[in-house]
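>>> Make a model of this:
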Amino acid sequence: MFNILVSTTKGTKVGEFQCIHSECRVGKDPDQLIVLRGFKISKHHATLRQNKEGIFIVDNKSRTGVRVNDEKHQEFGPLSLNDKIQVGDYQLRVQSSDPQFQASAPAETPPPPAAPVATQAAPMASAPVAAAVEAQPQIVTEQSAQIQRRNEWRRKVHTELLKQMDLRRVNVSEMSDTELRAQSEVLLKQIIDNFKLPEDIELSALTKEVLDETIGLGPLEGLIADPDVTEIMVNSHDQIFYEKAGNLYLSDIAFSDDQAVLGAIERIVTPIGRRIDESSPMVDARLKDGSRVNAVIPPLALKGPCITIRKFMQRRLSCDDLVAFGSMSPAMAEFLEIAVKQKRNVVISGGTGSGKTTLLNVLSNFIPDNERIVTVEDAAELQLYQPNLVSLEARPPNQEGKGAIEIRDLVKNCLRMRPDRVVIGECRGGEALDMLQAMNTGHDGSLTTAHSNSPRDCISRLEVMVMMAGMDLPVTAIREQITSAVNIIVQQSRFSDGSRRVTSICEVTGIEGSVVQLSEIFKFQQTGFDEQGKVQGYYTATGTLPEFYEQLRKQGVAVRLDVFDKDSRYE
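Numbers count the residues shown, from 1 in each chain. As a prediction, this is how the structure comes out:
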């Protein structure tokens, strides 16, 4: 059993392949283990064989031949990781994944010790990113070598488990997670009993890691289970970062190889009907708990498959929680609750990772239970609890590039579903026009989010997104639509210390000339930083009374006006 690392001669990584037999073939034919493209590649170009002496490559009378270390050979071996094998415009490197074979390899061609990656250095497991980069060791330590040895055994046991499940014709798709885990544990125990594991490898830990990699998300399971971890970033199979309390840390865990990362991605996207392959190398998906997932695979991701997971809190958040977190003041929370209940159209503005979706979730739960809500999202993330709720999710194109259902199509359709409120997860393009029309045609109290850095920028962004709809509308008409549709803009920001705060709440009051008028009601005033680098400041009202409060008073709705007192501060 051995691994083959494939890249182009220009250095672009293609992928890593695992040969579980003593022989594998390379060529253009789809039946080959490693399928390469190009006019220089023959149908059955070359064969890699492993015997007692090592791994050999044999040229199968191909058109362009096989070059090893810049010299043409009919047969060459035993191969080491240092040997550069050129097949057409591709470069191959081989390495045995069998520790016993590596130990008995010829002395003249031993594979060089791999330089330890940052994830394999235990002292860096909880160090901030900056400290981790400075502390990265340049030599193989005993601990990193042990981790590397454990990863090799994990890969070997995992491969054998998949082989046994395939031989027994296990229909994984028809089994529940509990049944699959139980059957895998039985097979795994048999496999480990047949292997002679080194004494320094803990059996229970190896079993858990292999099961997680076979059934779950591998080494990410522990990070996903940690409630304090808010974001997980897999840059490559051996480099995993996570965010905790607003700071980035480098983890000491790693996948066994790129194929294990691809397996985790497949287990995420397959249950929700998404796909990821060479023709569609990017995907947005979600976990069972609603956490947002983005994945990118080669050839777009040069270092290997990448995964970014943004976790959401499992318990239902309220405005009181956001006040306790310091994300807003009690006066802001009270105002936003009244605005949503009284059917004001709200747009939440903010940058990436500023907490827009979390705030949208909180505000959406202020909608009364007797109203019908239709949500439209690219990848379902909202968690609403009202009884009369319909959730719609966009669909990507199929392998033929057809069948895509865009957010804009869903927005148009949801207007025929008799909604009282329309909630769009995020406006990114032409759906902004349909959203404004919905807000203007009897669907008051609708909510959405948009990427922008200030309330004023939010107006400009809405204008641009409406233009993306392809309608040749004059700017004045667009601004009039925005003015009549949007009532409140809530600006959410993420600060340098990782904290997320509502920095401004503005009311759209009208249009003068060609300028949309904004009236700021609440704001966060930053005063500096403390000794730990945390942002210091206070929330305050500007003294401006919202126009719709006057309408509420005339309608007999009891509202408090003291929350808009300019002198009130909330630290």
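>>> So for Leu81, what's the pLDDT?
With respect to pLDDT, Leu81 has a value of 80.
>>> Now do the SS call for it.
coil (DSSP: H, G, I helix; E, B strand; the rest coil).
>>> Just confirm it contacts Gln95, I think it does.
Yes. Leu81 is within contact range of Gln95, at 4.9 Å (criterion: CB atoms under 8 Å). For the C-beta atoms, the positions are set from N, CA and C on the backbone; glycine is no exception.
>>> Count the residues that sit near Ser7.
17 (other CB atoms under 10 Å).
>>> same thing with Thr178?
Neighbour tally, Thr178, other CB under 10 Å: 9.
>>> Same check on Glu152?
19.
>>> just Ile20 next, same as before
Neighbour count of Ile20, defined by other CB under 10 Å: 15.
>>> For it, give me phi and psi.
For Ile20, the backbone dihedrals (degrees, to the nearest 10) come out as phi -90, psi 0.
>>> Helices of the stretch 301-450 of the chain, start to end?
319-325, 330-341, 356-364, 407-414, 431-440 (DSSP state H, counting those that start in this stretch).
>>> Check the offset of stretch 449-466 from the chain's centre.
24 Å (CA atoms, centre = their mean, to the nearest Å).
>>> model confidence over that stretch, on average?
Averaged across stretch 449-466, the pLDDT comes to 93.
>>> hang on, the earlier thing: Phe312: which of the helices of the stretch 301-450 of the chain is closest?
Closest approach to Phe312 among the helices of the stretch 301-450 of the chain is made by helix 356-364 (7.2 Å; CB to CB).
>>> just the angle between the closest one and helix 330-341, please?
70 degrees (axes from the mean of the first three to the mean of the last three CA atoms, to 10 degrees).
>>> Against which helices or strands is helix 356-364 packed?
Counting contacts by 3 or more CB pairs under 8 Å, 6 or more residues apart in numbering; DSSP states H and E, helix 356-364 is packed against helix 319-325, helix 330-341, strand 346-350, strand 447-451, strand 488-494.
>>> what's the helix or strand for Gly528?
Gly528 belongs to strand 515-529 when assigned by DSSP states H and E.
>>> Direction included, what does that strand pair against?
strand 500-512 (antiparallel), strand 535-541 (antiparallel) (DSSP bridges).
>>> Where do the domain boundaries of the chain fall?
2-95, 142-310, 319-562 (the TED database).
>>> Relative to Ser568, which of those is closest?
domain 319-562 (5.8 Å).
>>> to the chain's geometric centre, what's the distance from the closest one?
On CA atoms, centre = their mean, the centre of domain 319-562 falls 23 Å from the chain's centre.
>>> Now do the end-to-end distance for that domain.
End-to-end distance for domain 319-562: 19 Å, by CA to CA, to the nearest Å.
>>> Also stretch 60-72?
In stretch 60-72, first residue to last residue: 13 Å (CA to CA).
>>> same question for it, mean pLDDT?
Per-residue scores along stretch 60-72 average to 85.
>>> ok, residues contacting it?
25, 27, 40-42, 44-47, 57, 59, 73-74, 76, 79, 83-88 (CB atoms under 8 Å, 6 or more residues apart in numbering).
>>> Contacts only, for the closest residue to Gly543 other than its chain neighbours.
In space, Gly543 comes closest to Lys566 once its chain neighbours are excluded; the distance is 3.4 Å by CB to CB, 6 or more residues apart in numbering. By CB under 8 Å, 6+ apart, the residues touching Lys566 are Thr540, Ala541, Thr542, Gly543.
>>> what's the burial count for the second one?
To tie it back to what came earlier, the one meant is Ala541. Around Ala541 there are 24 other residues, counting by other CB under 10 Å.
>>> Tell me the pLDDT of it.
Looking at Ala541, the pLDDT reads 92.
>>> so what's it closest to, chain neighbours aside?
Counting by CB to CB, 6+ apart, the residue nearest Ala541 is Phe564, at 4.7 Å.
>>> give me the number of residues near that neighbour?
What Phe564 shows, counting by other CB under 10 Å, is a neighbour count of 18.
>>> Also Glu571?
With other CB under 10 Å as criterion, Glu571 counts 9.
>>> now do Met1
17.
>>> again, but for Ser454
As a measure of burial, Ser454 has 17 neighbours, counting by other CB under 10 Å.
>>> Mark which of the contacts of stretch 60-72 are buried, thanks.
Neighbour-count burial (16 or more other CB atoms under 10 Å) applied to the contacts of stretch 60-72 gives 25, 27, 40-42, 44-47, 57, 59, 73, 76, 79, 83, 85-88.
>>> Strands along the stretch 351-500 of the chain, start to end?
For the stretch 351-500 of the chain, the strands defined by DSSP state E, counting those that start in this stretch cover 373-377, 389-393, 421-424, 447-451, 488-494, 500-512.
>>> and the angle from the longest one to strand 346-350?
By that I understand strand 500-512. Using the same axes, to 10 degrees: strand 500-512 against strand 346-350 is 120 degrees.
>>> pLDDT on strand 500-512, on average?
Strand 500-512 comes out at a mean pLDDT of 93.
>>> Give me the buried positions along it.
Arg500, Arg501, Val502, Thr503, Ser504, Ile505, Cys506, Glu507, Val508, Thr509.
>>> tilt between it and strand 488-494?
Going by the same axes, to 10 degrees, strand 500-512 makes 150 degrees with strand 488-494.
>>> Output strand 500-512 as CSV, restricted to C-alpha atoms.
Output in CSV follows, covering the C-alpha atoms of strand 500-512 (Å, rounded to 0.1, in the frame of the first residue of the first chain):
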residue,chain,number,x,y,z
ARG,A,500,-19.4,42.3,17.5
ARG,A,501,-21.6,45.3,18.2
VAL,A,502,-24.5,47.2,16.8
THR,A,503,-22.7,50.5,16.0
SER,A,504,-25.6,52.4,14.5
ILE,A,505,-29.4,52.3,14.1
CYS,A,506,-30.8,54.7,11.5
GLU,A,507,-34.3,55.5,10.2
VAL,A,508,-34.8,56.2,6.5
THR,A,509,-36.8,59.4,6.6
GLY,A,510,-37.2,60.4,2.9
ILE,A,511,-35.4,61.8,-0.1
GLU,A,512,-34.3,65.4,-0.8
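>>> in the stretch 151-300 of the chain, which spans are strands?
Along the stretch 151-300 of the chain, counting by DSSP E, counting those that start in this stretch, strands occupy 229-236, 239-244, 247-250, 282-286, 292-296.
>>> And those: which comes nearest Ala380?
So among these, strand 282-286 is nearest, using CB to CB, at 6.0 Å.
>>> next one: that closest one to chain centre, how far?
7 Å.
>>> Quick check: buried residues in it?
Quick answer for strand 282-286 (16+ other CB under 10 Å): Val283, Asp284, Ala285, Arg286.
>>> now swap in stretch 237-256 and tell me
237-243, 249-256.
>>> Tell me where the chain is predicted with low confidence.
97-151, 162, 164-177, 197-203, 214 (pLDDT under 70).
>>> Next up, the contacts around Phe56.
If a contact means CB under 8 Å, 6+ apart, then Phe56 has Leu48, Arg49, Gln50, Glu75, Phe76, Gly77, Pro78, Leu79 as its contacts.
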